[in-house]
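S.K.: sharing a model prediction with you, sequence too.
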Amino acid sequence: MGHDHGHDHTHGANKKVLLISFIIITLYMIVEAIGGFLTNSLALIADAGHMLSDAISLGIALLAFTFGEKAANYSKTFGYKRFEILAAVLNGVTLIIIAIFIFYEAIIRFQNPPEVASTGMLIIACIGLLINIIVAWIMMRGGDVEDNLNMRGAYLHVISDMLGSIGAIIAALLIIFFGWGWADPLASVIVAILVLRSGYFVTKSGLHVLMEGTPKNVDIEKVVQTISRANGIKAVHDLHVWSITSGLNALSCHAVVDDKMTIAESEQVLRQIEHDLEHENIHHMTIQLETSAHIHDNSILCNVQAESSGHHHHHHH
């Protein structure tokens with residue numbers, strides 16, 4: 001299985017990248033939070049909050065990879081691969097809470113802007129930006145940020161974190177040069193919006209997987225065509241496509257075959273379909289073959305059509 005081997009390799013690389021990133025970000029987050037309190041800058045505290053969300057998402061991704069390696073067993077037949085999805089949803093909710101807290105704090109500060117030690121704020125924000133750039137570079141170079149939902153989530157966090165640091169830098173400059181105290185709460189509000197946005201999207205994509213939604217990178221129409229096109233397949237029904245975890249899509253369906261087909265032939269057809277579906281991003285499939293005599297079943301997706309149209313089976317899209 002050459003395909004699986006490749007997957008495992010990126011898996012290990014992902015873990016290493018995540019661990020390094022996690023350590024760097026966690027350490028700097030603590031520095032930034034303390035710096036925010038000392039310089040009295042809400043923008044820094046917001047950025048530290050954003051970094052906390054990074055640290056959480058990196059930590060979750062790490063745990064998910066570690067748990068995901070635990071083999072499947074009889075009580076959890078998919079292993080622990082769903083854990084990372086649950087974790088992503090929790091992470092998203094945490095982000096939304098952090099954002100609300102920053103909004104609340106900013107409203108109070110707009111009414112009477114406190115003194116901010118702007119030079120200290122500038123220095124800390126600049127180092128923060130540098131740290132984020134380094135981490136993003138490490139992730140780009142060593143991790144699979146395109147396809148793995150976990151890695152991608154963590155990477156996007158780090159990227160939006162950069163914007164938070166840039167916001168704090170600009171705010172510090174405005175305070176130094178123009179004495180605009182409101183620049184600090186304004187920068188924190190911008191960061192809070194970013195945090196809220198990423199929280200919303202992480203939660204949404206996690207829930208989509210938990211609800212067994214059709215994976216984003218699978219085109220159902222094409223999947224149906226691919227299966228129907230195979231030799232001797234007359235109809236497809238009961239089609240389900242879902243994600244077990246990011247980058248692991250599963251499919252199950254019933255396919256009606258020619259009555260005259262031998263077992264050996266149907267095996268060959270299955271191999272062919274399996275091969276074709278790999279290109280449609282389906283990694284795991286279960287297909288139940290049946291002859292047209294078997295068609296009066298009362299399956300979930302079908303009984304409605306079956307009753308309404310005698311026993312004639314419609315093709316689903």
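M.R.: Structure's in. What do you need?

S.K.: in the chain, where is pLDDT below threshold?
M.R.: For the chain, the stretches with pLDDT under 70 are 1-11, 68-81, 143-150, 246, 293-317.

S.K.: change it to 50
M.R.: Residues of the chain meeting the criterion pLDDT under 50: 1-7, 298, 300-316.

S.K.: can you give me the helices in it?
M.R.: 2-39, 42-69, 83-111, 118-142, 149-178, 183-210, 220-229, 263-278, 303-308 (DSSP state H).

S.K.: so which of these has the densest surroundings on average?
M.R.: helix 42-69 (a mean of 25; mean count of other C-beta atoms under 10 Å). To be clear about C-beta, it is placed using only N, CA and C from the backbone, and glycine gets the same treatment.

S.K.: what helices or strands is it leaning on?
M.R.: With contacts defined as 3 or more C-beta pairs under 8 Å, 6 or more residues apart in numbering; DSSP states H and E, the packing partners of helix 42-69 are helix 2-39, helix 83-111, helix 118-142, helix 149-178, helix 183-210.

S.K.: what helices or strands is the longest one leaning on?
M.R.: In other words, helix 2-39. Using 3+ C-beta pairs under 8 Å, 6+ apart: helix 2-39 touches helix 42-69, helix 118-142, helix 149-178.

S.K.: export these to a markdown table and append columns for distance to residue 22.
M.R.: What follows is those, written out as a markdown table (distance: least, C-beta to C-beta, whole Å):
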| stretch | distance to residue 22 |
| --- | --- |
| helix 42-69 | 4 |
| helix 118-142 | 9 |
| helix 149-178 | 9 |
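
S.K.: out of these, nearest to residue 288?
M.R.: Residue 288 sits nearest to helix 42-69 of all those, at 28.0 Å, using C-beta to C-beta.

S.K.: give me the distance between the closest one and the centre of its chain.
M.R.: In this view, helix 42-69 has its centroid 13 Å away from the chain centroid, taken as C-alpha atoms, centre = their mean, to the nearest Å.

S.K.: next: stretch 21-36.
M.R.: 24 Å.

S.K.: still on that earlier bit, nearest to residue 239, out of the helices of the chain?
M.R.: helix 220-229 (6.6 Å).

S.K.: and the angle for the closest one with helix 263-278?
M.R.: 160 degrees (axes from the mean of the first three to the mean of the last three C-alpha atoms, to 10 degrees).

S.K.: before we move on, back to that, could I get the helices of the chain as a markdown table with distance to residue 287?
M.R.: Formatted as a markdown table, the helices of the chain follow (distance: least, C-beta to C-beta, whole Å):
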| stretch | distance to residue 287 |
| --- | --- |
| helix 2-39 | 19 |
| helix 42-69 | 26 |
| helix 83-111 | 25 |
| helix 118-142 | 37 |
| helix 149-178 | 26 |
| helix 183-210 | 22 |
| helix 220-229 | 8 |
| helix 263-278 | 6 |
| helix 303-308 | 20 |
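
S.K.: with respect to residue 254, which of those lies nearest?
M.R.: Comparing the helices of the chain by C-beta to C-beta, helix 220-229 comes nearest, at 10.3 Å.

S.K.: what are the C-alpha coordinates of that closest one, in CSV please?
M.R.: Written as CSV, here are the backbone C-alpha positions of helix 220-229 (Å, rounded to 0.1, in the frame of the first residue of the first chain):
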residue,chain,number,x,y,z
ILE,A,220,-21.5,13.7,-5.6
GLU,A,221,-22.6,13.9,-9.2
LYS,A,222,-19.2,12.8,-10.4
VAL,A,223,-19.1,10.0,-7.8
VAL,A,224,-22.4,8.7,-9.0
GLN,A,225,-21.3,8.9,-12.7
THR,A,226,-18.0,7.1,-11.8
ILE,A,227,-19.8,4.2,-10.2
SER,A,228,-22.6,3.9,-12.8
ARG,A,229,-20.0,4.0,-15.6
